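Asker: This is the structure alone, sequence omitted:
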């Protein structure tokens, strides 16, 4: 998103520092922001290591330590309830697939906001009790196998039509919506069998100074529903973090970050959860890098989480992406919320609908993904 508005500056908290580092902020920019805004926390060895792992160099660490001596710690706000806790009505009907025993992934507690670093170091992942760890030699085999399945997944999804709802809300400091961008697309085929994207709904853009750019739209198409195939594997550094329980499945967790940043190309940086039975990605959490800063302006991207759901008993397709983040432009900070829904998956030329369409953020409806399927 690009912008040219000013918002009140607040002291930086640990998540602000991590997001800036993951977003590719330069050392000079980091030092200037730390001096300008100060810190709301005290530095310690654990935080120093965490920031260093996220990309902070010695100059940034030193600036943080100096600002830490002047910091006035602020009590953290009460954590928001998870989508499951907030939901009081009955969940919508679950998607009908051939694999009801493999439920879709729903947000875990606290996942409704983007306050956890997208590329956290290994200590951020606590292995679940009772789960065995793969041998070091097996890890590379797991990576190669899930990347190969991702390639099959991409080819399979290209043979499905679906409906995509894209929504960006601009928020004021109290969390109220002050502007909205929304577009809905049908991803389908024309009479000649060519894959096309048709805009079906596009109300007037009411964002105030915040612009949804071509890069943002490209990210909605191809990066936020992140796919890591064998073809892209050499572009990324993939590190194993742990073996955990995720809702009703168990998964391997990997850190994913680009090895190098090429000009005019955007990348994913964050974490992926890989189902340990199907060896397919079921959840990703991270952000798009690098941030784009030119003479014409700045284009910053929010940290997001994408959930997948098993469709037709074969493939884990993305069904929901959400982000709630603060974008730190040179002119000030802007709070945004983003939601993407992927619905009505239908195999090309098939008349059987896999998912039913649902409106984006309709009045009186919680803006949460569907609850997990009941057994």
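Answerer: Sure thing, it's come through. Treat the numbers as computed from the prediction; the structure is a model and nothing was measured. Numbers count the residues shown, from 1 in each chain.
Asker: What count of nearby residues applies to the nearest residue to residue 154 once chain neighbours are set aside?
Answerer: Spatial nearest neighbour of residue 154, chain neighbours left out: residue 227 (5.2 Å); criterion: C-beta to C-beta, 6 or more residues apart in numbering. To be clear about C-beta, it is placed using only N, CA and C from the backbone, and glycine gets the same treatment. By other C-beta atoms under 10 Å, 18 other residues sit near residue 227.
Asker: Please give me every residue in contact with residue 227.
Answerer: Listed by C-beta atoms under 8 Å, 6 or more residues apart in numbering, the contact set of residue 227 reads 150, 153-154, 281.
Asker: repeat that for 7 Å
Answerer: Contacts of residue 227 were listed using C-beta atoms under 7 Å, 6 or more residues apart in numbering, and they are 150, 153-154.
Asker: And for residue 10?
Answerer: residue 37.
Asker: Residue 313: how many residues sit nearby?
Answerer: Residue 313: 11 neighbours (other C-beta under 10 Å).
Asker: Make sure I have this right: it is in a helix.
Answerer: No - under DSSP: H, G, I helix; E, B strand; the rest coil, residue 313 sits outside any helix and is assigned coil.
Asker: roughly how far apart are it and residue 278?
Answerer: To residue 278, residue 313 is 10 Å away according to C-beta to C-beta, to the nearest Å.
Asker: Leaving out chain neighbours, which residue sits closest to the residue nearest in space to the middle of the chain?
Answerer: Geometric centre of the chain, nearest residue: residue 304, 2.2 Å, by C-alpha atoms, centre = their mean. Excluding its sequence neighbours, the residue lying closest to residue 304 (C-beta to C-beta, 6+ apart) is residue 323, at 3.9 Å.
Asker: so who does the residue nearest to the centre of the chain touch?
Answerer: Counted by C-beta under 7 Å, 6+ apart, residue 304 has contacts 114, 224, 287, 321-323, 338.
Asker: Select the longest helix from this protein.
Answerer: helix 136-157 (DSSP state H).
Asker: now it: mean pLDDT?
Answerer: Averaged over helix 136-157, pLDDT sits at 94.
Asker: Show me what that helix is packed up against.
Answerer: With contacts taken as 3 or more C-beta pairs under 7 Å, 6 or more residues apart in numbering; DSSP states H and E, helix 136-157 sits against strand 315-329.
Asker: What helices and strands are in contact with whatever helix or strand comes next after the strand it packs on?
Answerer: Scanning forward in sequence from strand 315-329 by DSSP states H and E, the next helix or strand is strand 332-347. If you count contacts as 3+ C-beta pairs under 7 Å, 6+ apart, strand 332-347 packs onto strand 160-171, strand 315-329.
Asker: Against which helices or strands is the longest one packed?
Answerer: Contacts of strand 315-329 with other secondary structure elements, assessed using 3+ C-beta pairs under 7 Å, 6+ apart, are made with helix 136-157, strand 304-311, strand 332-347.
Asker: Quick one: closest of those to residue 291.
Answerer: Of all the helices and strands packed on strand 315-329, it is strand 332-347 that lies closest to residue 291, at 13.5 Å by C-beta to C-beta.
Asker: Identify each buried residue in the closest one, please.
Answerer: For strand 332-347, the neighbour count (16 or more other C-beta atoms under 10 Å) marks 333-346 as buried.
Asker: Note down every partner strand of that strand and its orientation.
Answerer: If you go by DSSP bridges, strand 332-347 pairs up with strand 160-171 (antiparallel), strand 315-329 (antiparallel).
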